[in-house]
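Enquirer: got a predicted structure plus its sequence, pasted below:
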Amino acid sequence: MSPLAAPRAVVVAYHPALPRAEEVAAALARQAEAAGVSATVDALADPSQQDGDGFLAHLNGSGLLVCVGGDGTMLH
């Protein structure tokens, strides 16, 4: 089995209503950038308030999505 290539770009998304989630997301992005990986931090969109197209645009060209906050499930 060949090893997976490291992503060149990551998106770190956070739950905007949770205390410290944005802070943790920013810290993860800084660590990624220190390792030479481009990182974007963005709040998870509330589907009842937004269509999410702006968030989806961040995902184009990204090799990894990291979510900070919530209970670990992604149902939307």
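Expert: Cool, the structure landed. Numbering: from 1, shown residues only.
Enquirer: list the contacts for Ala25?
Expert: By C-beta atoms under 8 Å, 6 or more residues apart in numbering, Ala25 lies in contact with 12-14, 41, 66, 68. Where C-beta positions appear, they are placed from N, C-alpha and C, glycine not excepted.
Enquirer: out of these, list just those in helices.
Expert: Under the assignment DSSP state H, these contribute nothing to helices.
Enquirer: and which of those is nearest Leu59?
Expert: Ala13 (9.3 Å; C-beta to C-beta).
Enquirer: give me the neighbour count for that closest one.
Expert: Using other C-beta atoms under 10 Å, Ala13 has 23 other residues around it.
Enquirer: and it, what's its pLDDT?
Expert: At Ala13, the model reports a pLDDT of 90.
Enquirer: got a list of what it touches?
Expert: Ala13 makes contact with 25, 41-44, 55, 65-68, according to C-beta under 8 Å, 6+ apart.
Enquirer: hmm, back to that, possible to save the contacts of Ala25 as CSV with distance to Ala35?
Expert: CSV is the format used below for the contacts of Ala25 (distance: C-beta to C-beta, whole Å):
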residue, distance to Ala35
Val12, 13
Ala13, 19
Tyr14, 20
Val41, 16
Val66, 13
Val68, 18
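Enquirer: lowest-pLDDT helix or strand in this protein?
Expert: Every helix and strand in the chain was compared by mean pLDDT, DSSP states H and E; the lowest is helix 53-59, with a mean of 71.
Enquirer: residue closest to the middle of this structure?
Expert: Val12 (2.1 Å; C-alpha atoms, centre = their mean).
Enquirer: and the least confident of the contacts of Ala13?
Expert: Phe55 (68).
Enquirer: one step back: report the buried members of the contacts of Ala13.
Expert: In these, burial by neighbour count holds for 25, 41-44, 55, 66-68, counting by 16 or more other C-beta atoms under 10 Å.
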